[in-house]
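Colleague: what's the 3D shape of this:
(2 chains)
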Amino acid sequence: MTVRVRIAPSPTGDPHVGTAYIGLLNWCFARRHGGQFILRIEDTDQTRCTEASAQAIYESLRWLGLTYDEGPDVGGDRGPYVQSERVKLGIYKKYADQLVAQGDAYYCFCTARDLDAMKARQRAANEPIMYDRRHRGLDLGEAQKRIDACEPYVVRMKTPLAGDFVYKDRLRKQPVVKAWKDIDDQVLLKSDGWPTYHLAAVVDDHLMGITHVIRAEEWLNSLPKHIWLNERLGFTPPEYVHVGLLRNADKSKISKRKNPTSLLWYRRQGFLPEAMLNFLATLGHSFPDGRELFSHQELAQVFDLDRINVAGPVFDLAKLRHLQGQWFRKMDPARQKAEVHRAIDERFDQLLPLLKERMACGGDFIAAAQTFYAAKVDPHLDELVPKGWTAAQARKVLEICQTAFKNHLAGEGNAWDVASLEGLVRGLIGEQSTLPFEHTEEQKAFAALWAPKGVFMALRVAATGSKESPPLFDTLAALGPMAVIERTGAAIHKLGVVKA
RNA sequence: GCUCCCAUCGUCUAGAGGCCUAGGACAUCGGAUUCUCAGUCCGACGACCGGGGUUCAAAUCCCCGUGGGAGUGCCA
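Modeller: I've put the predicted structure just below:
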């Protein structure tokens, strides 16, 4: 049996570094065993998925060199490789119908309101939060009548009520054991008629002849559902293997609020795909002879799935930078030159309109743009503290701004552009400068700081390392969220050290 | 709350019962090279979460605690 593995990202937002990580593992496994590596786009959430995001996934994988043998933009004989197209073919509906007919799934007419109320009650009673299976026993004829009357419905799986689910994951010493009674009657078909991940992935993995599913640990809890679906549908399940999740420095699951997670960001920053892959390959895995510098092709020759460590590794940018330096310095001069050009070009069109006011000659660009390409800045302490402020005050103001930036970034659909940044900071100034009727002298003094002059300067110096820059919000927008949050963080730290 | 997973230096890891006074890399600190910085070379600091077993022998196996993480969505 030839190995067939896949990655199945969802095209929402920017292509994710986690996709690259799981992609690398699957790619290596396929190459090592002479199998196929497949890309499938899982866009069954009509509200969140976009075509632009799918395109960005193709581009990012191509950039990294994780070439796939079959996929949406390269074809293959087990397609289509985009789930929305498969929905139109009626593929998932057919299997959902089969499960209902077999008595392994049922119609449920609960509304979002019903479910919310159920959860609230369960939470209050400290009970496990799951669907109470209230429509599980509904007569099929009765259900059909409601469907004919155009009542919205979903299809849920009818999981076993007793016994244990047991599965041996090759990377874990002990088998995974879960009691069936704790497993939810998961929705398989949503009320819009589209499948959920669970149904779609199981069906497609089978239809596409996937032999091994190497995926992140966040899926481990739904493993019983997937195995069960395979069984009820009469499929031979692929082997499921769960690897650790990439983490932030605080060990939580990697998130864009605490780390750059967008592959586009890394490319824009000038990171080399070789370095990125090399770095990802050291997470949870190691080269057999202890070597730390290697290409993904070299890795593929010795890659051993059983050597993966499932403890979630912290994604450490400092180590990535080190590897990047190694790769960059050993490149031939022609490629170095191309890389420098590319790094400048990536942001040139964005930066030139901003910087030209402060330029007279073409070469002035280098000095004017310096802060936008720098890995970090080191502002002078006395410049970081606006006139008449104390270091502690500057620190507090920057902390408030940084928190606002983080919250803005974490919010769904928030743009990092000039208008929203200006609105954000000016809004903050409005809030913070307003005093309650009852206030202390200290509060009054702090509120008085919140005027554009001082706040803008503190932000400017923190973000750029200098008192001179293009207009603040243009600058913040061009720097991007990661740089702004990281640099204000560094400034806060610096001001904190001084206070002590 | 409930369920599941995980646990070696600050971080990434080596270690599949004796080779471990636990090895390497990043970061940090010091020295050398250098006009400076970076790089490079050398060195220092630094870990088996705790407690019980099993065994002649445990970082490695088992149990319990603790800690961390994930899931708990008509998201994936």
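
Colleague: now do the buried residues in stretch A:187-195.
Modeller: Judged by neighbour count using 16 or more other Cβ atoms under 10 Å, the buried positions of stretch A:187-195 are A:187-190, A:194-195. Yep, even glycine has a C-beta here, placed from its N, CA and C like the rest.

Colleague: adding secondary structure and pLDDT, write those out as a markdown table.
Modeller: Converted to a markdown table, the buried residues of stretch A:187-195 look like this (DSSP: H, G, I helix; E, B strand; the rest coil; pLDDT from 0 to 100):
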| residue | secondary structure | pLDDT |
| --- | --- | --- |
| A:Val187 | strand | 97 |
| A:Leu188 | strand | 97 |
| A:Leu189 | strand | 96 |
| A:Lys190 | coil | 96 |
| A:Trp194 | coil | 97 |
| A:Pro195 | strand | 97 |
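
Colleague: wait, doesn't A:Phe372 sit right on A:Leu476?
Modeller: No. The criterion here is Cβ atoms under 8 Å, and A:Phe372 misses it with A:Leu476 at 11.2 Å.

Colleague: from the centroid of chain A, which residue is nearest?
Modeller: A:His16 (4.6 Å; Cα atoms, centre = their mean).

Colleague: mind listing what that residue touches?
Modeller: A:9, A:261-263 (Cβ atoms under 8 Å, 6 or more residues apart in numbering).

Colleague: do you know how far A:Leu479 is from A:Leu381?
Modeller: 21 Å (Cβ to Cβ, to the nearest Å).

Colleague: those two - which one has more neighbours?
Modeller: Just comparing A:Leu479 and A:Leu381: by other Cβ atoms under 10 Å the higher neighbour count belongs to A:Leu479, 21 against 14.

Colleague: contact residues of the stretch 301-450 of chain A facing RNA strand B?
Modeller: A:307, A:309-314, A:316, A:318-319, A:321-322, A:325-326, A:329 (Cβ under 7 Å from any atom of the strand).

Colleague: go through those and flag which are in helices.
Modeller: Among those, the residues falling in helices (DSSP state H) are A:318-319, A:321-322, A:325-326, A:329.

Colleague: list buried residues within these.
Modeller: So, by 16+ other Cβ under 10 Å, none of these is buried.

Colleague: I'd like those laid out as CSV, including pLDDT.
Modeller: Output for those, formatted as CSV (pLDDT from 0 to 100):
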residue, pLDDT
A:Ala318, 94
A:Lys319, 96
A:Arg321, 95
A:His322, 96
A:Gly325, 95
A:Gln326, 95
A:Arg329, 93
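
Colleague: just those now: which is nearest A:Thr282?
Modeller: Set against A:Thr282, the nearest of these by Cβ to Cβ is A:Lys319 (7.4 Å).

Colleague: next up, the contacts around the spatially closest residue to that closest one that is not a sequence neighbour.
Modeller: With Cβ to Cβ, 6 or more residues apart in numbering as the criterion, A:Lys319 has its nearest non-adjacent residue at 6.4 Å, and that residue is A:Phe279. Listed by Cβ under 8 Å, 6+ apart, the contact partners of A:Phe279 are A:319-320, A:323-324.

Colleague: do the same with A:Glu151
Modeller: Contacts for A:Glu151 (Cβ under 8 Å, 6+ apart) come out as A:Phe109.

Colleague: could you do A:Gln393 as well?
Modeller: Per Cβ under 8 Å, 6+ apart, neighbours of A:Gln393: A:385, A:446, A:449.

Colleague: so can I have TSV of these showing distance to A:Gln55, pLDDT and secondary structure?
Modeller: Shown next, in TSV, are these (distance: Cβ to Cβ, whole Å; pLDDT from 0 to 100; DSSP: H, G, I helix; E, B strand; the rest coil):
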residue	distance to A:Gln55	pLDDT	secondary structure
A:Val385	46	87	coil
A:Phe446	48	84	helix
A:Leu449	46	85	helix
